[in-house]
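A.B. asks: Please find the sequence and the predicted model below.
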Amino acid sequence: MTTEQEIARFVCHTTIGDIPAAALDTVRDVVLGVLGTTVAGARAEGCETVVEMARELGGRPEASILVYGDKVPAQQAAFANAVMARALDFEDSMAPGAHAGAAVVSAALAAAELAGGASGADFLTAVAVGIELAVRMNLGEAEYDGFDPTGVCVPFGSTAAAAKILGLSEE
């Protein structure tokens, strides 16, 4: 089995029962933290510009921009919400500095709206899977060679969370 196949199997087949209770407690804290930092950062410098950009791009109203209430395409909502969550730099992080929660939770929220909803268990499972994947792909400080850890490993976690919510297959 290739690494890619193992990752796809992990994303598609992990259930809430596979996640230890302590890890679920942490995931709940991350979700609450992201919601709090999104509200706090919504009016931070640059956030209103990002929200306006999402509005101006137009498209199908699939998911909500938190705080502002607009419905925009899911990928734009996930982006705007993640920017607001990161704006004040108070969200979760790990050494060497990846901030997984803002992007993973925002992607999962947008995907849940796009899918027409998700149960709490499915949402928490998707966020846990996304954060786990991002954390496992995180490199050591020297290996980033000046690149931002969040931009390197977290997109994989966000994609995994959205795929889990949307029920995508391993293929």
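C.D. replies: Sure thing, it's come through. All of these numbers come straight from a predicted model, not from anything done at the bench.
A.B. asks: show me what contacts the residue nearest the centre of the chain?
C.D. replies: By C-alpha atoms, centre = their mean, the mean C-alpha position of the chain lies nearest to residue 104, the distance being 1.2 Å. Contacts for residue 104 (C-beta atoms under 8 Å, 6 or more residues apart in numbering) come out as 127, 130-131, 134, 154, 157-158, 161. (C-beta placed from N, C-alpha, C; glycine too.)
A.B. asks: Let me know the pLDDT of it.
C.D. replies: Per-residue pLDDT puts residue 104 at 98.
A.B. asks: now do residue 92
C.D. replies: You'll see residue 92 listed with a pLDDT of 86.
A.B. asks: where does it land in three-state SS?
C.D. replies: What DSSP: H, G, I helix; E, B strand; the rest coil gives for residue 92 is coil.
A.B. asks: Please renumber the chain so that the first residue is 22 from this point on.
C.D. replies: With 22 as the first residue, the last one maps to residue 113.
A.B. asks: distance of it from residue 124?
C.D. replies: Residue 113 sits 11 Å away from residue 124, taking C-beta to C-beta, to the nearest Å as the criterion.
A.B. asks: just to revisit the earlier point, how far away from the center of its chain is the helix or strand containing the residue nearest to the centre of the chain?
C.D. replies: Residue 125 belongs to helix 121-135 when assigned by DSSP states H and E. Centroid separation for helix 121-135 versus its chain: 4 Å, with C-alpha atoms, centre = their mean, to the nearest Å.
A.B. asks: can you give me the mean pLDDT across the helix or strand following it?
C.D. replies: Using DSSP H and E, the helix or strand that follows helix 121-135 in sequence is helix 141-158. Mean pLDDT, helix 141-158: 97.
A.B. asks: If you count contacts, what does helix 141-158 end up packed against?
C.D. replies: helix 24-34, helix 42-62, helix 121-135, helix 170-187 (3 or more C-beta pairs under 8 Å, 6 or more residues apart in numbering; DSSP states H and E).
A.B. asks: Now tabulate these in JSON lines and tack on distance to residue 91.
C.D. replies: Listed next are these as JSON lines, based on distance: least, C-beta to C-beta, whole Å:
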{"stretch": "helix 24-34", "distance to residue 91": "29"}
{"stretch": "helix 42-62", "distance to residue 91": "14"}
{"stretch": "helix 121-135", "distance to residue 91": "12"}
{"stretch": "helix 170-187", "distance to residue 91": "20"}
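A.B. asks: hey, which of those helices is tucked in deepest?
C.D. replies: helix 121-135 (a mean of 28; mean count of other C-beta atoms under 10 Å).
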